[in-house]
Structure formats: C-alpha cells, structure tokens
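1. dropping the sequence and predicted coords here.
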Amino acid sequence: MALRVCHSILINSATPFAFRVASQSQSLHSTPKTLCNFLVLRAKMSTDGEGLKNSPSSAKVIDSHVHVWASLQEAEKYPYFPGQEPTLTGHADFLLQCMEEAGVDGALIVQPINHKFDHSYVTSVLKRYPSKFSGCCLANPAEDGSGIKQLEDLVSKMTNTIGKAMFSKAGELGVPVGFMCMKGLNLHFAEIEELCTEYPSTTVLIDHLGFCKPPINDGESLAFSNLLKLSKFPQVYLKFSALFRVSREAYPYKDLSSSLSQVVSSFGADRIMWGSDFPYVIPECGYKAGKEAVSLIVERASLSSSELDWIMGGTVMQLFRGHWISSST
C-alpha cells in the first residue's frame, strides 16, 4: 500500500500545529501501487474510561477538513511549489469570510500540496487566528532519513521507522491516525483492520467516508460493508467530509442520507465529524451550502438534533480537547 504518511503534533496551545508527513513510496507491506493517505492528528484523548455523554459539551460548528494557500499577492512572500500553482482561490481571508457567512466557528487546516513542505503560510494563519484554527502540516519520511530529520527538527525526536512502528508510536503519543484511501477502501481494508487489531490504543480517522459512494455494484457494496465493519474498533472515527466527492448526486447530496444513517447506526454520531474540503467545495455548491447540506441529509436520515451537533463539531472538539475554546479572535 503506497502511503502519504502524516504526523500531527500540536506544538502548543497558542499556535496549534500538526505535521503532515507525505510519501508515496512507503508501505506497510508490499501491496499494490495505490494511494492511501495516512493522516495523523494530535489530540488530547480522554483516559478516564468514562463513556460519552448523550450530547456534545459544545454546540460549536467545527470544520474538520479545509485547505488554505496564499493569494496571488501573498505568493510573493509565500511562494507556491513549482508546478503546484492553485487554480482556485483558497487564501485564509476567503475561508474566514466563508466561515462567517456559514456560521462555522473553527476549522482544522490540512497543509496543501500547493506549498508542499513550506509551512510558512499555514503557520502565519495559525499565529494570526489561534482560536479559529488547528493545523496539519507536511513532512517527508523518505527512506534516506531526510524526512525524519525534518520531522525531528520541526517537533522532537520520534521513531525513525515507518509503517507499523510509526502507527504504534502514534498510539503512544495519543495521536490519531487518519487514512484517505483515494483508490478505494477495499485496497487497504485488510491492513487497516490489522493495524487496528494490533494497536488498539491508536485512534484512527477515515477521511471522506473512506471514499465510499452509495453502492451500486458488488465491489462498492463490499467497500461500504467493510467501512461499517471498522466500527467494531472503538478507536475508529469517520470524517463525513467532501460530500461532493462521495455523493452520486448534485447538491444537496440526498443520496448520502442512507449512508449516514447506516454509519451513525454502526459507529454512533460521536465518532463522526463533518468536513467541507474547502476550497474545493466552492465550485461544487459553495461553502455555506456544503455545510447546510449536512442538516438536510441528517433530517432525511431521521437523526436527532443531538446527533447533528456531534457531527457538526462535537466529535472533532472531543478529539482536539482544549481547542476552539474561544472563537472571538
């Protein structure tokens, strides 16, 4: 399984940051050349063993999956990586405008490929708006060790291996690990299941519903069934994100109501979190509509207002305890 491996570490509570470690040549086993994104997000997990409450402690709306990059004017100071010049507007001021119009209180910024390993733009955004954003940044765990050295320089000394050792270390650090299986969950299900079985203390996030669209053939039915099977691992959480990527319909993506109903039934709403995939959502339906679609889908799925609150912010705030406490900055 070819991976993009990401580590996320929050340096401090004032400027939360994460490290997105990217490689498309590393694998846990010698498996097909398909892309699976392995995303690690730093979180303060509860260790008291108590069960979750019936409703989230906050009604804040937090977007668990956005990207930002410099505007054309800002690019003089924060240049794009050659060949990765953006085709969409995605600067932080535009995101903040969209969030304000949509009533979104905060977001997790995932470092975009447009700036590759240069984190200066995202860093500047986190410093300017510490109560609005947490961040996930990029580093490269190359076989020659250069990426590991980058990670050591950026944070602190960690394991100098990849794959299982990295996954195990994430659990030791209280760091959730996320998978974005762009070529399909079936290609990676066995390995994800193996990792979850061997390392039950490592929390896992599955991005974009595992790229499972409402199934229309046997292969897709198997993928969705495998997604539901992951609910047996209490450490697995789902991102109900990038709805335009996983729906077969145009806005408001009504065909996702059955999918959402089934994943909530299997996982519980307190293990599911919404993400917009800004700015890619803008040309699809717009940011505000992308957020509002979730409420429409939840209503169609006959879920409760409490379940909606978990999906729209309660879950991600549970994983990132201590963040987005105040969003007035």
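-> Ah, there it is. Everything numeric here is computed off the predicted structure, so don't read it as measured data. Residues are numbered from 1 along each chain as shown.

2. the residue in the chain sticking out farthest from the centre and Ala70, how far apart?
-> Centroid-distance maximum for the chain: Glu76 at 28.9 Å, with CA atoms, centre = their mean. With distances taken as CB to CB, to the nearest Å, Glu76 is found 9 Å from Ala70. For the C-beta atoms, the positions are set from N, CA and C on the backbone; glycine is no exception.

3. neighbours of Trp69, how many?
-> 26 (other CB atoms under 10 Å).

4. that one contacts Asp118, doesn't it?
-> No - look at Trp69 against Asp118 with CB atoms under 8 Å: they stay out of range, at 10.4 Å.

5. now do the shared contacts for the two.
-> Common neighbours of Trp69 and Asp118 are listed as Tyr78 (criterion: CB atoms under 8 Å, 6 or more residues apart in numbering).

6. is Leu238 in a helix, a strand, or coil?
-> strand (DSSP: H, G, I helix; E, B strand; the rest coil).

7. the strand or helix carrying Phe224: how far from the chain's middle?
-> For Phe224, the host element (DSSP states H and E) is helix 218-229. Relative to the chain's own centre, helix 218-229 is displaced by 21 Å; criterion: CA atoms, centre = their mean, to the nearest Å.

8. ok, stretch 212-223 next?
-> 22 Å.

9. in it, what's buried?
-> Cys212, Lys213, Pro214, Pro215, Glu220, Leu222, Ala223 (16 or more other CB atoms under 10 Å).

10. one more: stretch 120-130?
-> Tyr121, Val122, Thr123, Val125, Leu126, Tyr129, Pro130.

11. contacting residues for Asp105?
-> By CB under 8 Å, 6+ apart, the residues touching Asp105 are Lys60, Val61, Ile62, Met99, Lys132, Gly313, Trp324, Ser327.

12. of all these, which two lie farthest apart?
-> Within these, two members stand farthest from each other by CB to CB: Lys132 and Gly313, at 13.1 Å.

13. between those two, what contacts are shared?
-> Common contact partners of Lys132 and Gly313 (CB under 8 Å, 6+ apart): Asp105, Trp324.

14. just the contacts of Asp105: which are in strands?
-> Here DSSP state E is the test, and those give Ile62 as lying in strands.

15. can you redo the contacts of Asp105 as CSV with distance to Glu191?
-> Listed next are the contacts of Asp105 as CSV, based on distance: CB to CB, whole Å:
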residue, distance to Glu191
Lys60, 34
Val61, 33
Ile62, 29
Met99, 35
Lys132, 35
Gly313, 31
Trp324, 32
Ser327, 37
